[in-house]
Each structure stands twice: as C-alpha cells, then as structure tokens.
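A.B. asks: Sharing a sequence plus its predicted fold:
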Amino acid sequence: MGNINSYFTDFLSGIRLTQTQKDDAKRGHTTLRNRLLADDDLKDIIVTTFLQGSYRRSTAVRPNGEKRADVDVIVVTTLDQSNTSPEEALEKFEPFAEKHYKGKWVKQGRSIGISLSYVDLDIVVTSAPSEVDKSGLRSKSVTTDLTLEDLMTTSYDWRLSKGWNEPDMMKAVNYLSESVRAEAEWKLQPLWIPDRDADIWEETHPLEQIRWTRDKNKSTNGYYVNIVKAFKWWRTLRITDLKYPKGYPIEHMLGDCCPDGVTSMAEGVMLTFENFVDTFSTNRSLGIVPEFPDRGVPSHNVWHRITSDDFKTFYDHMKNYAEKAREAYDEKSLRKATEKWQEIFGPKFPLAPDDDDDGGTKNSGPTSFTPRSGITEPESSRFA
C-alpha cells in the first residue's frame, strides 16, 4: 500500500484523544479514586479501585461535538451480593456522590455517572471477591493508571502478575525483567456488578478484556487498537440510524473479525469489514443475531441487546462499506485511494495531492512522495 500508511497515521492522530483530553481524564479519575479511598464512610467496604473500559484498553476515540472523554472506575467492595441488593449497593455511594459531585451525578442502571465540565466518570460498584483474589486486585498491575497505549512506546509489557510494577515513563525505553516475564499471570475470577433494572448481580471480567486486548494487539503487529479506533469513528460518523450495536459490543465483534498478522491499517480495516460480511452472511439471510461470548464470562452474550432488525441494518452497512474499503485498498492512484478512504472515514482522513500527469503519485509506488504538514507519529505501536 506504500504511502497510504502515512495518511492513516495522520487520520489516527485526528481521532485519538488529544493530550488535553488525556490530561483531563487523568485528573478526573485520579481525584475520584483518591476521594473514594479516603472517604470515612466508604473506606471500610472498599478493597481497591481500578480503571476499565475503552480508556484503559486504549480503544477510545475523540468525542464528537460537546461530548467529553469517558472513564470507568471499578470499585471493588466487601459487599456481599447474597444480602445486598443492586439498589442498596449503589445507594451506599450516593452520600459520597452528593458530597463531592453535588448536582453533577446521576444513578444509572449499573453505575453512578458523574458529568464534569471536562470529563465523564462512571463509578462501577462490584461485590466482594474471594480472599484469594483480593491481593491480586490490590496489585500495581491492576491499580495502575497507565493505559495499554501508554506502554506501547516502551518495551515494558503489561502483565497481570505480582512482580509487575509501573515503568519509569521518563525513560526513553523500559524493559521488563526476565523474572517478571517468567511469572505466570493471575487467573482472577470475574467480578459481579449490580444491575438495578433487572435487580440482579451480573458477572463481568474487565481485567480479562484488558488482557485479551493486549494479546490481540500483539498478534496483529500493534494495529488492533488503532483498527478499533477507526471503526468506532466510522460507526459514529456513518451509522446514525441505529442505537445498537455500539461501544464495547462493536469492539468485541472487531476483535473476532480482525485477522492476526495484518501488516497495515488499510489491510486490517479492509479484511475486518470483509470477514464480518463473510462470517455472518447466513445470519443475515436468516435474520439471526450472532452471539459474542464475553471475554472471561462466556455465558454473557455481549450482543444480547441487539434486535434482528438492528443486526440486519448494521450488516448491510458493513457490507456496503466493505466494498468501499476493498476499492480503496486496491486503488493504485494515491489521490483516488485517499478519496475512497475519506468516503468511509470522513474529512478527518486527509487527501493526497493530485496525481502527476504521468501517474507519478501512486498508492504503492516506492518512490512517491507525500508532503507532510507536520510531524507524523508511527502508525503502529507494538507491545514488547
């Protein structure tokens, strides 16, 4: 694909969280976590807190319009689900929310949502883990505020183990010790979160989702998290007639459809589109919504909210854009290729200059040159 790579790099730079948004997110979740651990009424029931969701997995994209970055904070508690209802569990955190975030919080189905001027936060309460898991959940590998992407620039792989500790991010390169690499990773049990609407506690395994994302990113040569960002941007921009699927259900599906061993963003995006279309064509014909078992909790289907009509509409969008992605990938003219990719991803995807009369600017030509208007970051980042 030649120089199309640099255009994907600039596209990704335009849809990632800005440094200001990252700083705002860190300020918001750090303040929240410190307040939770210091609260006199809650400190006896809180085991630990940690980050989860697309922010931690580095699959979040820049919010559109007036929306803000969103960070999920898991609060591991000693609450016993056998004698604490989901409603009661969240009620225990209402005085805290009222004290620190008066007029800025709301009780949601599974969490307490906090909307600040610069970031949105979710307090996700979980019930008591086993005694064996408590020490693991308090470890630095769980409680770190470093995201997967933070560690991509180092050789310091994130591992769910006792010996793992945060690298010195001021160093140009960090290396994980062989002793820590040799440690077996913990197999922590799923956690349970309250569902007020259904009045039940449900299993969730955010740490397994993080670990799975890390491994998938390795197997795709560092492209997976960026492919997810690209698709999330496409979903928001181009599919405005559907409520579901969105968010993590989209990300999970992409993980199943993105092939290992991809060598570029263009290839990864195109093949992921096509794999979805090929894999679920029979489902589309029969109107049967595919099931996607959750990472670490296979009994939970992350596509359970999606209706047959929603799936068929979504499939048709995927098929339409799969054809566009194949055309863009096969296009020899760099200018025309960027025009086709822009049809998929919108104006954030930059256009190449017009081709020379003799076709000098080519999509795959080894000597073609694309003027850059600024510094281009590396397109893919590998985990060590």
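C.D. replies: Good, I have the coordinates. Quick caveat: nothing in here was measured; it's all calculated off a predicted structure.
A.B. asks: Quick check: which element contains the closest residue to Lys340 other than its chain neighbours?
C.D. replies: Leaving out its chain neighbours, the residue that sits closest to Lys340 by CB to CB, 6 or more residues apart in numbering is Ala328, at 3.6 Å. No exception for glycine: its C-beta is placed from N, CA and C like everyone else's. Counting by DSSP states H and E, the element that carries Ala328 is helix 308-330.
A.B. asks: Dump the helix or strand following that helix to CSV, keeping only the CA atoms.
C.D. replies: Toward the C-terminus, helix 308-330 is succeeded by helix 334-345 as the next helix or strand (DSSP H and E). Taking Å, rounded to 0.1, in the frame of the first residue of the first chain, the C-alpha atoms of helix 334-345 are listed here in CSV:
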residue,chain,number,x,y,z
LEU,A,334,-2.8,7.5,-4.1
ARG,A,335,-5.1,10.5,-4.6
LYS,A,336,-8.1,8.4,-5.5
ALA,A,337,-7.3,5.9,-2.7
THR,A,338,-7.4,8.7,-0.1
GLU,A,339,-10.7,10.0,-1.6
LYS,A,340,-12.2,6.5,-1.2
TRP,A,341,-10.9,6.2,2.3
GLN,A,342,-12.4,9.6,3.0
GLU,A,343,-15.8,8.3,1.8
ILE,A,344,-15.5,5.8,4.7
PHE,A,345,-13.9,7.9,7.5
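A.B. asks: about what we covered before: show me what the helix holding Ala328 is in contact with.
C.D. replies: Residues outside helix 308-330 that contact it (CB atoms under 8 Å, 6 or more residues apart in numbering) are 1, 234, 238-239, 241-245, 266-267, 269-270, 273-274, 276-277, 280, 283-284, 287-290, 303, 306, 337, 340-341, 343-344.
A.B. asks: could you flag which of the residues you listed are buried?
C.D. replies: Neighbour-count burial within those applies to 1, 234, 239, 245, 266-267, 269-270, 273-274, 276-277, 280, 283-284, 289-290, 303, 306, 337, 340-341, 344; the criterion is 16 or more other CB atoms under 10 Å.
A.B. asks: Checking my notes, Lys187 in a strand, right?
C.D. replies: No: if the criterion is DSSP: H, G, I helix; E, B strand; the rest coil, then Lys187 is coil and not within a strand.
A.B. asks: what ranges do the strands span in the protein?
C.D. replies: 46-52, 70-77, 105-107, 112-115, 120-126, 191-195, 200-204, 293-294, 297-301 (DSSP state E).
A.B. asks: export these to JSON lines and tack on mean pLDDT?
C.D. replies: Putting the strands of the chain into JSON lines (pLDDT from 0 to 100) gives the following:
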{"stretch": "strand 46-52", "mean pLDDT": "96"}
{"stretch": "strand 70-77", "mean pLDDT": "97"}
{"stretch": "strand 105-107", "mean pLDDT": "97"}
{"stretch": "strand 112-115", "mean pLDDT": "97"}
{"stretch": "strand 120-126", "mean pLDDT": "97"}
{"stretch": "strand 191-195", "mean pLDDT": "95"}
{"stretch": "strand 200-204", "mean pLDDT": "94"}
{"stretch": "strand 293-294", "mean pLDDT": "97"}
{"stretch": "strand 297-301", "mean pLDDT": "96"}
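A.B. asks: got a list of what Asp72 touches?
C.D. replies: Contacts for Asp72 were tallied using CB under 8 Å, 6+ apart; they are Leu51, Gln52, Gly53, Tyr55, Arg56, Ser111, Leu121, Asp122, Val124, Pro206.
A.B. asks: Among those, which one is most surrounded by other residues?
C.D. replies: Among these, Arg56 has the most neighbours (other CB atoms under 10 Å), with 27 neighbours.
A.B. asks: How confident was the prediction at it?
C.D. replies: The predicted structure scores Arg56 at 96 on the pLDDT scale.
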